[in-house]
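In: turn this into a model:
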Amino acid sequence: MRIVHVNKFLYRRGGAERYMFDVARALKRRRHDVFFFGTAHPDNVEGEYRRYYPPYRDFVAPRVGLRTALGAVWSRAAAEKFQAFLADVKPDVAHLHNIAYHLTPAVVAALARAGVPAVITLHDYNLLCPNHYFYSRDEPCFRCTEKKYFSCITRRCVKGKLGASTVGYLAHFVARRKKVYHKLDRILAPSAFLSEKVRAAGYDYGRVLFLPPAIDIKESESRRKQNYFLYAGRLAPQKGVDVLIQAVGLAGPKVRLKVAGSGPEEANLVETAKGYAADKVEFLGHVDARRLAGLMASARAVVVPSRWPENTPAVVLEAFAAGAAVVASRVGGVPEMVEDGVEGLLVEAEDVRELAAALELLAGDARKGRKLGAAGRARLESDYSFKEHMARLLEVYREVAA
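Out: A predicted model of the protein is given here:
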């Protein structure tokens, strides 16, 4: 088959891109022809057809012009470039990932016009929520799933700004008005939590499929566990790293934390660590994939302290692959991945004391941590097998292309 992957970024930026490249590599091993379409970002690692890529626009720049803002609602440039790309490549099926604001739903309409079957994997909540998170004003928010769309503007849901929130509202209004996403042949939701939200929003039950996530992994290296906990991910308010730092400060002297990642909250978190957990928190900055796997394999546990209702965080699967226990907030699709007391420990989001108690428990009981980590590895191989995921995904491709 000839398969095109469509994503706004064509470099390893996050979990969505890792998944896309893992799938693409597996498809090539199975002798399928794979192509990529995205924006002309300077960090792209895929660019064979770069002449068709629309320009990359920086929507987080201090000043964004009107033309750029309107292009985030419906990009004619992306649609026209994509249409020319499709005429050249002639794919059998398109697999979409993250397209909002850079490629926009205009590329879905282009696929429909070209008669190319399309599936989308929902790596975040943008299909239903303009800010992607189901989180606004420091609390979980599902107002747009309840058709209270204008709250995106009144609550300043996108970046806390009126202009950005108005663009987010308009992008969703136009997509709903044109019923663009209803043109997709399949909508793949990695969690049952999200699949139910999508169906409740009026999407055809037959087109919305629950397809558990998977990552392509190698055999993990067996390492002696050290007495530190690891946070790996973006340093943003909704991630709850400040709560984790406070919990580390509250816990006993054996509880130490390494923080791998960067983001807009980094400076604030460094100050929080000075106030709550001096000499117990180490900030590592950005860490490459190989080193991160080693850090996970040596950690007592990987901590996912999110405030927002996470979908299916890739870091949980990465922890499973490394044989690390998981301590996580009981939010969104996380309880589908981690059973409390089996692969890890679940705590209530933002409960500093409960999180501190979970960390202290594992810091003082190395055997329990190893047991949880081994169960996570077994869960990865049984429920999140990449081989089985690929078999199901190819079945979906063949169904829509038939």
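In: so which helix or strand of the protein has the lowest pLDDT on average?
Out: Ranked by mean pLDDT, DSSP states H and E, the weakest helix or strand in the chain is helix 66-71, scoring a mean of 78.
In: buried ones in it?
Out: Applying a neighbour-count criterion of 16 or more other CB atoms under 10 Å, one finds 69, 71 buried in helix 66-71. C-beta: built from backbone N, CA, C; applies to glycine.
In: which ones are touching residue 19?
Out: 97, 121, 123, 213, 215, 314 (CB atoms under 8 Å, 6 or more residues apart in numbering).
In: could you do residue 208 as well?
Out: Applying CB under 8 Å, 6+ apart, the residues near residue 208 are 186-187, 189, 195, 198-199.
In: report the secondary structure state of residue 158.
Out: Under the three-state scheme (DSSP: H, G, I helix; E, B strand; the rest coil), residue 158 adopts coil.
In: burial of it, as a residue count?
Out: For residue 158, the count of nearby residues is 25 (other CB atoms under 10 Å).
In: what sits against it?
Out: Residue 158 sits in contact with 130-131, 152, 164-165, 167-168, where contact means CB under 8 Å, 6+ apart.
In: what's the neighbour count on the closest residue to residue 384 other than its chain neighbours?
Out: Excluding the flanking residues, the one nearest residue 384 by CB to CB, 6 or more residues apart in numbering is residue 214, at 4.9 Å. By the criterion of other CB under 10 Å, residue 214 has 25 neighbours.
In: residue 345 now?
Out: Using other CB under 10 Å, residue 345 is surrounded by 25 other residues.
In: in a strand, it, correct?
Out: Yes. Checked against three-state DSSP, residue 345 lies within a strand.
In: that one touches residue 361, doesn't it?
Out: Yes. Taking contacts as CB atoms under 8 Å, residue 345 lies within contact range of residue 361: 7.2 Å.
In: domains in this protein, by residue range?
Out: 2-214+385-401, 229-383 (automatic domain parsing).
In: mind giving me the packing neighbours of the helix or strand containing residue 111?
Out: Taking DSSP states H and E as the definition, residue 111 sits inside helix 106-114. Counting contacts by 3 or more CB pairs under 8 Å, 6 or more residues apart in numbering; DSSP states H and E, helix 106-114 packs against helix 76-89, strand 93-96, strand 118-121.
In: any idea which of the ones you listed is most buried?
Out: Most buried of the helices and strands packed on helix 106-114, by mean neighbour count (mean count of other CB atoms under 10 Å): strand 93-96, with a mean of 25.
In: deepest in the core, which of the domains of the chain is it.
Out: domain 229-383 (a mean of 20).
In: centre of the chain to that one, how far?
Out: In terms of CA atoms, centre = their mean, to the nearest Å, the centre of domain 229-383 is found 16 Å from the chain centre.
In: what stretches of this protein score poorly on pLDDT?
Out: 59-65, 218-223 (pLDDT under 70).
In: farthest residue from the center of it?
Out: residue 253 (33.2 Å; CA atoms, centre = their mean).
In: which residues touch it?
Out: Here residue 253 is in contact with residue 280 (criterion: CB under 8 Å, 6+ apart).
In: quick one: the strands in the chain?
Out: Ranges of strands within the chain are 2-6, 33-37, 93-96, 118-121, 135-136, 139-140, 186-189, 208-210, 229-232, 257-260, 281-285, 301-304, 325-329, 344-347, based on DSSP state E.
In: would you list the helices and strands packed on helix 106-114 in a markdown table and tack on distance to residue 295?
Out: Below are those laid out as a markdown table (distance: least, CB to CB, whole Å):
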| stretch | distance to residue 295 |
| --- | --- |
| helix 76-89 | 38 |
| strand 93-96 | 31 |
| strand 118-121 | 27 |
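In: select, out of those, the one closest to residue 305.
Out: strand 118-121 (25.3 Å; CB to CB).
In: now for that closest one, which elements pack on it?
Out: Looks like strand 118-121 contacts strand 93-96, helix 106-114, strand 186-189, helix 386-401 (3+ CB pairs under 8 Å, 6+ apart).
In: residue 378 is nearest to which of the ones you listed?
Out: Closest among the helices and strands packed on strand 118-121, once you apply CB to CB, is helix 386-401, at 14.7 Å.
In: so the closest one versus strand 2-6, what angle?
Out: If you take axes from the mean of the first three to the mean of the last three CA atoms, to 10 degrees, helix 386-401 sits at 100 degrees to strand 2-6.
In: with just CA atoms, put helix 386-401 into PDB.
Out: Below are the C-alpha coordinates for helix 386-401, written out as PDB (Å, rounded to 0.1, in the frame of the first residue of the first chain):
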ATOM      1  CA  PHE A 386       3.400  -3.000  18.900                       C
ATOM      2  CA  LYS A 387       3.200  -6.100  16.700                       C
ATOM      3  CA  GLU A 388      -0.500  -6.500  17.400                       C
ATOM      4  CA  HIS A 389      -1.100  -2.800  17.100                       C
ATOM      5  CA  MET A 390       0.400  -2.800  13.600                       C
ATOM      6  CA  ALA A 391      -1.700  -5.700  12.600                       C
ATOM      7  CA  ARG A 392      -4.900  -3.900  13.700                       C
ATOM      8  CA  LEU A 393      -3.800  -0.700  12.100                       C
ATOM      9  CA  LEU A 394      -3.100  -2.400   8.700                       C
ATOM     10  CA  GLU A 395      -6.500  -4.000   9.000                       C
ATOM     11  CA  VAL A 396      -8.000  -0.500   9.400                       C
ATOM     12  CA  TYR A 397      -6.100   0.800   6.400                       C
ATOM     13  CA  ARG A 398      -7.300  -2.100   4.200                       C
ATOM     14  CA  GLU A 399     -10.900  -1.600   5.400                       C
ATOM     15  CA  VAL A 400     -11.000   2.100   4.400                       C
ATOM     16  CA  ALA A 401      -9.100   1.600   1.200                       C
END
